[in-house]
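In: mind folding the following:
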Amino acid sequence: MSEFSLIINGEQRTVNVDSDTPLLWVIRDTLGYTGTKFGCGRGLCGACTIHLDGEATRSCVTSIDMVEDNSEITTIEGLSEDNPHPIQQAWLEEDVPQCGYCQSGQIMTASALLKRNPNPDETDIDSAMKMNICRCGTYPQIKKAIFSAANNAQSSTGGDDG
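Out: You can find the predicted model right below:
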């Protein structure tokens, strides 16, 4: 067992786990944040996506020893403090969720995309979201929600024109 220091959802946390423990299990089992889901265990489906220092990261294939001390980790629970994050709001408005299992990973990937590129085109969205699997097939609604969140952000900030 080794001690690791993390900042998770804005809180400093210390965990004692085996160094090869996947970050997913540290988040879920050790820290109790169950919004991050186990899907495939191979980093292929996206259900386990979190933000690691602002980047969308597959937590099932990222061992705790790959995470630097005091790295900032954001889970779906920490995406917004009081009100839904704009992508979460768009998800609701566009009626995206079906079974909901993949949704936290989809939302985490989409929010990282919008932070990196606040005005994505269809190719940008397809590229960012291509490795997130939705067994219910809500891909058209997911894309619509991402466009909606981007458009809402543009209109609330005055868009590119100032």
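
In: and the pLDDT for the residue lying closest to Leu79 once chain neighbours are set aside?
Out: Using Cβ to Cβ, 6 or more residues apart in numbering and skipping the chain neighbours, the partner closest in space to Leu79 is His85 (4.7 Å). (C-beta placed from N, C-alpha, C; glycine too.) We note a pLDDT of 90 for His85 in this prediction.

In: hmm, Ser111 and His85 touching each other?
Out: Yes - with contact defined as Cβ atoms under 8 Å, His85 and Ser111 form a contacting pair (6.1 Å).

In: shared neighbours of the two, anything?
Out: Listed as contacting both His85 and Ser111 by Cβ atoms under 8 Å, 6 or more residues apart in numbering are Leu79.

In: more neighbours, these two?
Out: Counted by other Cβ atoms under 10 Å, His85 and Ser111 do not tie: Ser111 has more neighbours, with 23 against 19.

In: contacting residues for that one?
Out: His51, Leu79, His85, Ile87.

In: please repeat the previous calculation with a cut-off of 7 Å.
Out: Counting by Cβ atoms under 7 Å, 6 or more residues apart in numbering, Ser111 touches Leu79, His85, Ile87.

In: what is the burial count for the last one?
Out: The burial count assigned to Ile87 is 27, neighbours taken as other Cβ under 10 Å.

In: which residues sit in contact with it?
Out: Ile87 makes contacts with Ile107, Ala110, Ser111, Leu114, Ala145, Ala149, as judged by Cβ under 7 Å, 6+ apart.

In: is it true that Gln106 lies in a helix?
Out: Yes - with DSSP: H, G, I helix; E, B strand; the rest coil as the criterion, Gln106 is assigned to a helix.

In: what about it, how many neighbours?
Out: What Gln106 shows, counting by other Cβ under 10 Å, is a neighbour count of 28.

In: quick one: it and Ser127, what's the gap?
Out: 15 Å (Cβ to Cβ, to the nearest Å).

In: can you report how many residues neighbour the spatially closest residue to Gly78 that is not a sequence neighbour?
Out: Distance criterion Cβ to Cβ, 6+ apart; nearest residue to Gly78, sequence neighbours excluded, is Asn9 at 2.8 Å. Burial of Asn9 is recorded as 20 neighbouring residues (other Cβ under 10 Å).

In: all set now, cheers.
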